[in-house]
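S.K.: What follows is a predicted structure for the sequence shown.
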2 protein chains.
Amino acid sequence: MILEKVIREIETVVGRENILTSPEDRWCYAFDATDLAYLPDLVVFPGSAAEVSRILLLANEHRFPVTPRGAGTGRSGGSVPIEGGVVLVLTRLNRILEINTKDLVAVVEPGVILGKLKAAVEEQGLYYPPDPASADFCTIGGNVAECAGGPVAVQYGITRDYVLGLEVALPTGEIIDTGTRTMKGVVGYDLTRLFLGSEGTLGVITRIILRLVAKPAARQTLAAAFGSLKAAAEAVSRILASGLAPTALEFIDRVTLGCIREMLPFAVDLKAAALLLIAVDGHPHDVEERAGAMARFCEEQGARPVIRARTPEEAEQLWKARKVISPALKKVKPQKVSEDVVVPLSAIPDLITALEDLSRRRGLIIPCYGHAGDGNIHVNVLYDRALPGEMEAVEPTVEEIFTLVRRFQGTLSGEHGIGLTKAPYLGMELSPAAIAVQKRLKQAFDPNNIMNPGKIFPQPPKARAREQEGI
Amino acid sequence: MILEKVIREIETVVGRENILTSPEDRWCYAFDATDLAYLPDLVVFPGSAAEVSRILLLANEHRFPVTPRGAGTGRSGGSVPIEGGVVLVLTRLNRILEINTKDLVAVVEPGVILGKLKAAVEEQGLYYPPDPASADFCTIGGNVAECAGGPVAVQYGITRDYVLGLEVALPTGEIIDTGTRTMKGVVGYDLTRLFLGSEGTLGVITRIILRLVAKPAARQTLAAAFGSLKAAAEAVSRILASGLAPTALEFIDRVTLGCIREMLPFAVDLKAAALLLIAVDGHPHDVEERAGAMARFCEEQGARPVIRARTPEEAEQLWKARKVISPALKKVKPQKVSEDVVVPLSAIPDLITALEDLSRRRGLIIPCYGHAGDGNIHVNVLYDRALPGEMEAVEPTVEEIFTLVRRFQGTLSGEHGIGLTKAPYLGMELSPAAIAVQKRLKQAFDPNNIMNPGKIFPQPPKARAREQEGI
């Protein structure tokens, strides 16, 4: 609990109109895109880095937790205030400060909606590639904090590859600049990339310098239907080894396909076991040629039919269908656990096959889709809380998924982060020594553990017990 | 000094044949590519991560410094043992453990020579892009420790963009794995990128997992001569803004050109004030077209002549000439200080003009060359120790260069690191708060400060005084 006196102090910092105290208001900032919710003691909307800093100083003085939050679209509970305290909502810091077409950089505040940023950049003839499915809602600050990806990562990379520098309010209150405004820079330790994916546990990002690239002159999109899951997965590996260099290479299995079928701009055979969604970027005639080669290659791998989007509108419709998959899966079952494991490229077919087998054995529907082009598969365990036994089967199934992934030398998360939901499994990937040094690192930044406590690292039983309080 | 008893213990770890104790042997490992040299107390060649770990444990117990070293080609004194102790030479760890064409990864030990790795990867039809000028001599471990770049960074990025995971012996002796073997991964703090460019101060890298890409189907190389320095620098900015997407875009000024003129495969007018060296990668007919467009564009910008390499041999000869620039500059003056500043892309012409002016004012020859395509200019201050006044003018000139660069919102180092030579200037780029948190981070990894002490952070007078001992 935060003392009334301290709330008054915070009010002095940000203004009365920028805090929320009533339970009904606070519940609105208790959750993210997982099913977890924890009630914060106070919701604060700071208006500047200086205000953020003053709140962090108060947090150190009075020892309350601070959980930074953008739009709350995260998938691992990263912005859920598991230990109460202040939720620091950064949506007022929503200015695009600069888009510089000569330096190829943008300077933005963390609360800018990604989709707005992408559109503003494209208006200037440039391109900011990362494109998580939540692009229309999520904030760039959240993207940086979780290191978001998206389909075009196959060619263009992820958020990490575009952040040149940051302004950060440290947990101890200092405001520092990290990184550069230049394309390269190796001065001191790479705090910029350390903050990338640090899930709000090392400080509050208050400004971001992004690298921009030239807008691709043309893009073509293809969809290739396969008769078996394995054939599609094997086609993915072969496409990647072929040198055809897709920009995006998405995989959608039969259950997933069923949920978005009516959104597709063309009919897909009901017998199709999987769809590959492929984009190819480049100069117009080069793209034309490569898209043709890609279509022929898919046909050689047994795809029927292979459909090329004929217009930009058709292509957009395809990508829109891809973007709504996550919520659309709720048509099948009311609850789901979404994982975003990654395996080495050659292991994709084996992972897909093993997951089919796991689904049969556990009696759970486990749809898979996602960024096959970089081995990053979204594995969803669907369940219905109301059905006896289903909920209980979820946790051991997730553990078995992670065991499989680790056996294939894979990783637990490609872009969603560890947050809260995967913290209990951290030890499946990191050794005790690796966890210990990460904890020392956290301590070096945040000696009083005020920043987003209870995240990333496996939690003591006390904190775990609070999960029951969630709605 | 290391006690005789401790030397015996180290000998037990690595074997008598893998230590050097005589002064003449130790002097061979006292220096790097700067002019600085400090005599280590002992040179040790470990044969495994376990041996590295045991030496680090001994260092903690007996409090002696350990400085890791590859081939000693660094340009900022990163591997120079400024406080004596052990130089840990990693050249015995020189195995390419795996090149996997399906997963598109390579697993290597730190002592592998970069050029050998690149050749081995290309034999398998793949490509590892980073290509610092020292590629034929430097080790991949040093590349990771300093975050090396090279000409093709404009298209392909730098070492940071290719390291997926590491095995590291921590200063406290634990051996940990960081990162992944997969294309993505966001599990825990990004220790992989934290070690990138950490200059041997946070641990010893004992294994590296690298991402590989498809070998470019074709590359064309052009050279464009300009009549004025400013015209060349402005052409760089215009090429970058044009969307012509060069793979490499190198800048060579008149003095530099004079040093390598006879190595070029064609005659360049003695009146040429600057040369741009440009590479374009891609599919053969696409490259043909783009190289043509690039040549026309350069001509429109006033370049005369623009010469396209007609054969791969001619292209190779051009790039070879580029690679020998650094030692070739010694033809002009016996000593030099090499900086590798980076400025925002639009500031390149202003920086070049300001450096011309600085050279005139200071009466020093300051040749510039390097990776103009990412704003990373190698600025060399030439001098002759024997000439009265020249040596004294160097330090204030360097400081003025950094002042200029900071005024243009640039950074002190793009790929050489801070090491020893730039440590006194760290405060020109990082605020006291940023330096303080970096020191706390160092402390979290290395509580007894045994790893490469005296680097990155400005040194106390004691350590600076030792510089006089250098040869």
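M.R.: It's in.
S.K.: Let me see the confidence value for A:G389.
M.R.: A:G389 is assigned 89 on the pLDDT scale.
S.K.: Look at A:I209 and give its secondary structure.
M.R.: strand (DSSP: H, G, I helix; E, B strand; the rest coil).
S.K.: so which helix or strand takes in the spatially closest residue to it that is not a sequence neighbour?
M.R.: Nearest residue to A:I209 in three dimensions, chain neighbours excluded: A:G165, at 4.0 Å (C-beta to C-beta, 6 or more residues apart in numbering or on different chains). From N, CA and C alone the C-beta is placed, and that goes for glycine too. Element membership of A:G165, judged by DSSP states H and E, is strand A:163-169.
S.K.: List the contacts of that strand.
M.R.: A:49, A:52-53, A:56, A:105, A:144, A:175-183, A:185, A:191-193, A:195-196, A:202-211 (C-beta atoms under 8 Å, 6 or more residues apart in numbering or on different chains).
S.K.: elements contacting the helix or strand following it?
M.R.: Proceeding N to C from strand A:163-169, the next assigned helix or strand is strand A:175-179, under DSSP H and E. Helices and strands touching strand A:175-179, as assessed by 3 or more C-beta pairs under 8 Å, 6 or more residues apart in numbering or on different chains; DSSP states H and E, comprise helix A:49-62, strand A:163-169, helix A:191-195, helix B:432-445.
S.K.: ok now the third one, how far from the chain's centre?
M.R.: On the basis of C-alpha atoms, centre = their mean, to the nearest Å, helix A:191-195 sits 17 Å off its chain's mean C-alpha point.
S.K.: Is it positioned near chain B?
M.R.: Yes. Remark: helix A:191-195 sits within contact range of chain B at A:191, A:193-194, by C-beta under 8 Å from any C-beta of the partner chain.
S.K.: Ranking by neighbours, what's the top pick from these?
M.R.: Compared across the residues of helix A:191-195 next to chain B, A:L191 has the highest neighbour count, 26 neighbours, by other C-beta atoms under 10 Å in any protein chain shown.
S.K.: hang on, the earlier thing: want to throw the residues of helix A:191-195 next to chain B into a markdown table with pLDDT?
M.R.: Output for those, formatted as a markdown table (pLDDT from 0 to 100):
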| residue | pLDDT |
| --- | --- |
| A:L191 | 98 |
| A:R193 | 98 |
| A:L194 | 98 |
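S.K.: For chain B, state which of those is nearest.
M.R.: Among those, A:R193 lies closest to chain B (C-beta to the nearest C-beta), at 3.7 Å.
S.K.: show me what contacts the closest one?
M.R.: A:160, A:163, B:160, B:190, B:193-194, B:196.
S.K.: Show me what the helix or strand containing A:D340 is packed against.
M.R.: Using DSSP H and E, A:D340 falls within strand A:335-342. Secondary-structure packing of strand A:335-342 (3+ C-beta pairs under 8 Å, 6+ apart): strand A:376-383, helix A:390-407.
S.K.: Around chain B, which positions in the stretch 301-450 of chain A sit nearby?
M.R.: So far as C-beta under 8 Å from any C-beta goes, the stretch 301-450 of chain A lies against chain B at A:342-347, A:371, A:374-376, A:409-418, A:422, A:426, A:429-431, A:433-438, A:440-445.
S.K.: Give me the buried subset of those.
M.R.: Neighbour counting over those (16 or more other C-beta atoms under 10 Å in any protein chain shown) leaves A:342-347, A:371, A:374-376, A:409-418, A:422, A:426, A:429-430, A:434-435, A:437-438, A:440-442, A:444-445 as the buried ones.
S.K.: Run a quick check on A:R362 versus A:T397, I expect a contact.
M.R.: Yes. If you go by C-beta atoms under 8 Å, A:R362 and A:T397 touch, sitting 5.0 Å apart.
S.K.: Dump the residues of helix A:191-195 next to chain B into JSON lines; add distance to A:V152 as well.
M.R.: Output for these, formatted as JSON lines (distance: C-beta to C-beta, whole Å):
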{"residue": "A:L191", "distance to A:V152": "27"}
{"residue": "A:R193", "distance to A:V152": "20"}
{"residue": "A:L194", "distance to A:V152": "25"}
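S.K.: what's the span of stretch A:436-453 from first residue to last?
M.R.: Taking C-alpha to C-alpha, to the nearest Å, the first and last residues of stretch A:436-453 lie 16 Å apart.
S.K.: Give me the distance between that stretch and the centre of its chain.
M.R.: Using C-alpha atoms, centre = their mean, the offset of stretch A:436-453 from its chain centre is 23 Å.
S.K.: what do you get for stretch A:220-230?
M.R.: 24 Å.
S.K.: residue contacts, A:K5?
M.R.: Here A:K5 is in contact with no residue (C-beta under 8 Å, 6+ apart).
S.K.: which element is it on?
M.R.: helix A:4-14.
S.K.: what's the nearest residue to A:G47 if we skip its chain neighbours?
M.R.: A:R92 (5.2 Å).
S.K.: count of neighbours near that neighbour?
M.R.: A:R92, neighbours per other C-beta under 10 Å, totals 15.
S.K.: Okay, A:R181 and B:C298: tell me how far apart.
M.R.: Distance, A:R181 to B:C298, by C-beta to C-beta, to the nearest Å: 27 Å.
S.K.: Domain boundaries for chain A, per the record?
M.R.: A:96-214, A:218-326, A:332-418 (automatic domain parsing).
S.K.: and the ones you listed, which is most packed in?
M.R.: domain A:96-214 (a mean of 23; mean count of other C-beta atoms under 10 Å in any protein chain shown).
S.K.: coming back round to it: could you dump the helices and strands packed on strand A:335-342 to TSV with distance to B:E262?
M.R.: Below are the helices and strands packed on strand A:335-342 laid out as TSV (distance: least, C-beta to C-beta, whole Å):
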stretch	distance to B:E262
strand A:376-383	51
helix A:390-407	57
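S.K.: one step back: weakest of the domains of chain A by average pLDDT?
M.R.: domain A:218-326 (a mean of 92).
S.K.: Check the offset of the strand holding A:D340 from the chain's centre.
M.R.: With C-alpha atoms, centre = their mean, you get 11 Å for strand A:335-342.
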